[in-house]
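Novice: Here is a sequence with its predicted model. Questions after.
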Amino acid sequence: RMETDCNPMELPSYTGFEEDADYRDFEGTDVKDMRLEAEAVVNDVLFAVSNMFVSKTLPCAEDVAYINVETREGNRYCLELTEAGLKVVAYDFDQTDDRLQTPYHETVYSLLDSLSPAYRDVFGNALLQRLEALKKESQS
C-alpha cells in the first residue's frame, strides 16, 4: 500500500476549475484597479487641464490603461498608464503610435509639467492658495 501525505477524503471539495474561476476574478480586480488608478489620476489634475478622461476606445488590461488629455494650450495627448508610470503614446485622443519613444514619468504631475507651461502655472497657483489657506488655519 502506497503511503500518502493526506487522505483524499480530507481534501476540500472544490475542483481546479473553481480555483481558476477565483483566480480570474482576482485578475478582473487588477483590470479594475488600473482603470481606477487612471480615474484617480484624472480626478487629481483635471482642474489644471482643458480636458482629461480615461479612454473608452483603447482597451484597459490588468497592467495598462489609457488616458486622453488636452492641455490648456490645446494640445492633445494619449497617455499610457502602467506600473512603470505614465508616458505619451500619441499626439491625439484614443491613439497609440509604437514608433513614438517617449520617457516614462513617475507621476502625472511630472508628465504634465513637461508638456504644459499653463498646467504648471495653474497647478502652482492652486498649491499656493492651498498653502495660504493652511497658513491661515494654523494661525487661527
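Specialist: Thanks, I have the structure now. Numbering: from 1, shown residues only.

Novice: So residue 95 sits against residue 79, correct?
Specialist: No. Counting by Cβ atoms under 8 Å, residue 95 stays clear of residue 79, with 11.1 Å between them. In this view, the C-beta of every residue, glycine as well, is placed from N, C-alpha and C.

Novice: what about the residue nearest to residue 35 when sequence neighbours are not counted, neighbour count?
Specialist: With Cβ to Cβ, 6 or more residues apart in numbering as the criterion, residue 35 has its nearest non-adjacent residue at 4.8 Å, and that residue is residue 60. By the criterion of other Cβ atoms under 10 Å, residue 60 has 20 neighbours.

Novice: who's in contact with residue 60?
Specialist: Counting by Cβ atoms under 8 Å, 6 or more residues apart in numbering, residue 60 makes contact with 31, 34, 35, 38, 54, 66.

Novice: could you point out where this protein is predicted with low confidence?
Specialist: For the chain, residues meeting the criterion pLDDT under 70 lie at 1-32.

Novice: so who does the one residue sitting closest to the centre of it touch?
Specialist: With distances taken as Cα atoms, centre = their mean, residue 38 lies nearest the centre of the chain, 3.1 Å away. Neighbour list for residue 38: 54, 60, 65, 66, 67, 81 [criterion: Cβ under 8 Å, 6+ apart].

Novice: Among those, name the ones in strands.
Specialist: Among those, the ones falling in strands (DSSP state E) are 54, 65, 66, 67, 81.

Novice: Return the closest of these with respect to residue 47.
Specialist: residue 67 (15.3 Å; Cβ to Cβ).

Novice: what ranges do the helices span in this structure?
Specialist: Using DSSP state H, the helices of the chain run over residues 16-45, 108-115, 117-139.

Novice: got CSV for these, with distance to residue 100 too?
Specialist: Below are the helices of the chain laid out as CSV (distance: least, Cβ to Cβ, whole Å):
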stretch, distance to residue 100
helix 16-45, 19
helix 108-115, 14
helix 117-139, 20
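
Novice: So for residue 75, which of those sits nearest?
Specialist: Between residue 75 and the helices of the chain, the shortest separation by Cβ to Cβ is 7.0 Å, and it involves helix 108-115.
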